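> Here is the input, now give the coordinates:
(chains A and B)
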Amino acid sequence: RKEVEQDPGPFNVPEGATVAFNCTYSNSASQSFFWYRQDCRKEPKLLMSVYSSGNEDGRFTAQLNRASQYISLLIRDSKLSDSATYLCAVNPGYSSASKIIFGSGTRLSIRP
Amino acid sequence: EAGVTQFPSHSVIEKGQTVTLRCDPISGHDNLYWYRRVMGKEIKFLLHFVKESKQDESGMPNNRFLAERTGGTYSTLKVQPAELEDSGVYFCASSQDGKGPYGYTFGSGTRLTVV
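Just a heads-up that it's a prediction; the model follows:
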């Protein structure tokens, strides 16, 4: 079983739609959680850190459910510019304090 | 502030040859990481330097890969001899001391193709 699992998609939704991604992680001792965005042939860029209380940044809302070991990302009022691959990432919290384990990513395509 | 710089951006080499990738972290960042993404797979951790010391090299695939960070500034990742399955994108990231995974900045990557 992979340490971090995501639905690969692709998700193809119209502009203005709300889209949600989920991600599960296997290590219950995981410490930190993130969503990254990766554009085609570019490097990953941090979108949001994810906290137990949930956090929001404009149209983006991230939630963490430690009991069920899943992380979610909600994008409201999607824009064409939101088209990208969204990577779930987890810091496992053992041996290396800074290591990140990535999911394989969920591809999102927003159509006009 | 200059970002994380990687060189070269692309490299095409023949199987059995040697390739050296370079990463210049953001100035003052003690933490330097190497990751790679091979075709169809997720981005995977290779190793982590704190200054010039290897903090965690659990992700290095085999002894054909050698990473160095002499003087705690830039880092090199050498693949010798390269195999076909080494093809992929190699990313470097850096973060400040104490920031851990919250402060990653990735470089734009080196796309390696082994033919």
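
> could you list every residue that touches the residue nearest to residue A:34 when sequence neighbours are not counted?
With Cβ to Cβ, 6 or more residues apart in numbering or on different chains as the criterion, residue A:34 has its nearest non-adjacent residue at 4.3 Å, and that residue is residue A:89. Where you see a C-beta, it was placed from the backbone N, CA and C, and this is true even at glycine. By Cβ atoms under 8 Å, 6 or more residues apart in numbering or on different chains, the contact set of residue A:89 is A:4, A:33, A:34, A:35, A:36, A:100, A:101, A:102, A:103, B:101.

> try it again with 7 Å
For residue A:89, the contact set (Cβ atoms under 7 Å, 6 or more residues apart in numbering or on different chains) comprises A:34, A:36, A:100, A:101, A:102.

> roughly how far apart are the spatially most central residue of chain B and residue B:78?
For chain B, residue B:34 is the residue whose C-alpha lies nearest the centre (Cα atoms, centre = their mean; 3.3 Å). Noted for residue B:34: a distance of 11 Å to residue B:78, by Cβ to Cβ, to the nearest Å.

> Equivalent analysis for residue B:35, please.
Counting by Cβ to Cβ - residue B:35 and residue B:78 are separated by 16 Å.

> Show me which of these two is the more surrounded one.
With neighbours defined as other Cβ atoms under 10 Å in any protein chain shown, residue B:35 and residue B:78 compare such that residue B:35 has more, 26 against 15.

> Apart from its chain neighbours, what residue comes closest to the more buried one?
Using Cβ to Cβ, 6+ apart, the nearest residue to residue B:35 is residue B:91, at 4.5 Å.

> Run through the strands of chain A in chain order.
Along chain A, counting by DSSP state E, strands occupy A:4-6, A:11-14, A:19-25, A:32-38, A:44-50, A:55-57, A:60-65, A:70-75, A:84-91, A:101-102, A:106-111.

> List the buried residues in the lowest-mean-pLDDT helix or strand in chain B.
For chain B, counting by mean pLDDT, DSSP states H and E, strand B:53-56 ranks last in confidence among helices and strands (a mean of 92). Using 16 or more other Cβ atoms under 10 Å in any protein chain shown as the test for burial, strand B:53-56 gives B:55, B:56.

> Check the burial of the closest residue to residue A:81 other than its chain neighbours by counting its neighbours.
What sits nearest to residue A:81 in space, not counting adjacent residues and going by Cβ to Cβ, 6+ apart, is residue A:110, at 7.9 Å. By other Cβ under 10 Å, the residues close to residue A:110 number 20.

> residues touching residue 50, list them.
No chain specified, so I'll use chain A. Residue A:50 neighbours (Cβ under 7 Å, 6+ apart): A:33, A:34, A:35, A:62, A:64, A:71.

> The chain in question should be chain B.
Per Cβ under 7 Å, 6+ apart, neighbours of residue B:50: B:30, B:31.

> So which residues on chain B come close to chain A?
Contact residues (Cβ under 7 Å from any Cβ of the partner chain) of chain B with chain A: B:31, B:41-43, B:45, B:48, B:55-56, B:58, B:91, B:95, B:100-102, B:104, B:106-109.

> change it to 10 Å
B:3-4, B:6, B:31, B:33, B:35, B:37, B:40-45, B:47-48, B:50, B:55-59, B:89, B:91-93, B:95, B:98-109, B:111 (Cβ under 10 Å from any Cβ of the partner chain).

> for chain B, what are the low-confidence residue spans?
For chain B, the stretches with pLDDT under 70 are B:1.
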